[in-house]
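Chemist: Okay, here's the prediction I keep looking at, along with the sequence it came from:
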Amino acid sequence: MTCFWDAIQGTLSDGDYTLLGLQRRPNHQLFINTLKEKNVKPKDVLWNGKLLIDLEQKEHFQAIAEYDIKRIRVGHWTGACDSFLLLLCQLLNVEIIHKYMNTNIIYKKRGSKKVFKFRSSGSHFMKG
């Protein structure tokens, strides 16, 4: 169950991979390890219109730092405020609209000009 990573990697452009320091679409392990290496606090990302306080930023930074890559096959528990979606906004200067059931959850880096759209049910994450 790597639907979270499949959807994200299937959305990124060659330019996005270049911004992350990758030559092309890597396997999931390399992609996640690259995100872990580039991990920063999401200082400039709005979540549903508000900036995260410093403690929240630290918690998301720590969640990525401690992410167990060996467990990616059992699925990613996408949070209502997901650490990896925050990090992608911060690193790639994008807005992410995640439609969970009938609720839009919006992650937006200030000044972003590109939008990624995802949707999910209680058990599946996908593009769109």
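Modeler: Everything's here; your move. Residues are numbered from 1 along each chain as shown.

Chemist: Could you use CA atoms for every contact and neighbour count after this?
Modeler: Noted.

Chemist: so where is this protein shaky, pLDDT-wise?
Modeler: Along the chain, the model assigns pLDDT under 70 to residues 1.

Chemist: Contacts only, for the residue nearest the centre of it.
Modeler: Computing the C-alpha centroid of the chain and ranking residues by C-alpha atoms, centre = their mean puts residue 85 first, at 2.2 Å. If a contact means C-alpha atoms under 8 Å, 6 or more residues apart in numbering, then residue 85 has 96, 107 as its contacts.

Chemist: Return the distance of whichever strand or helix holds it from the chain's centre.
Modeler: Assessed by DSSP states H and E, residue 85 sits inside helix 83-92. Centroid separation for helix 83-92 versus its chain: 5 Å, with C-alpha atoms, centre = their mean, to the nearest Å.

Chemist: got it, and stretch 55-62?
Modeler: On C-alpha atoms, centre = their mean, the centre of stretch 55-62 falls 14 Å from that of its chain.

Chemist: got a list of contacts for it?
Modeler: Here stretch 55-62 makes contact (C-alpha under 8 Å, 6+ apart) with 39, 40, 41, 42, 43, 82, 83.

Chemist: And the helices in the protein?
Modeler: Applying DSSP state H to the chain gives helices spanning 3-11, 14-19, 28-37, 54-65, 83-92.

Chemist: In a markdown table, list those along with distance to residue 102.
Modeler: Formatted as a markdown table, the helices of the chain follow (distance: least, C-alpha to C-alpha, whole Å):
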| stretch | distance to residue 102 |
| --- | --- |
| helix 3-11 | 18 |
| helix 14-19 | 28 |
| helix 28-37 | 28 |
| helix 54-65 | 25 |
| helix 83-92 | 19 |
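
Chemist: if you compare the ones you listed, which one is most tucked away?
Modeler: helix 83-92 (a mean of 22; mean count of other C-alpha atoms under 10 Å).

Chemist: List every C-alpha atom in that one, with coordinates, as CSV.
Modeler: Presented in CSV, the C-alpha positions along helix 83-92 are these (Å, rounded to 0.1, in the frame of the first residue of the first chain):
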residue,chain,number,x,y,z
SER,A,83,3.9,16.5,7.8
PHE,A,84,5.0,15.4,4.4
LEU,A,85,2.5,17.5,2.6
LEU,A,86,3.7,20.5,4.7
LEU,A,87,7.3,19.7,3.8
LEU,A,88,6.5,19.4,0.0
CYS,A,89,4.8,22.9,0.1
GLN,A,90,7.8,24.4,1.9
LEU,A,91,10.4,22.8,-0.4
LEU,A,92,8.6,23.1,-3.8
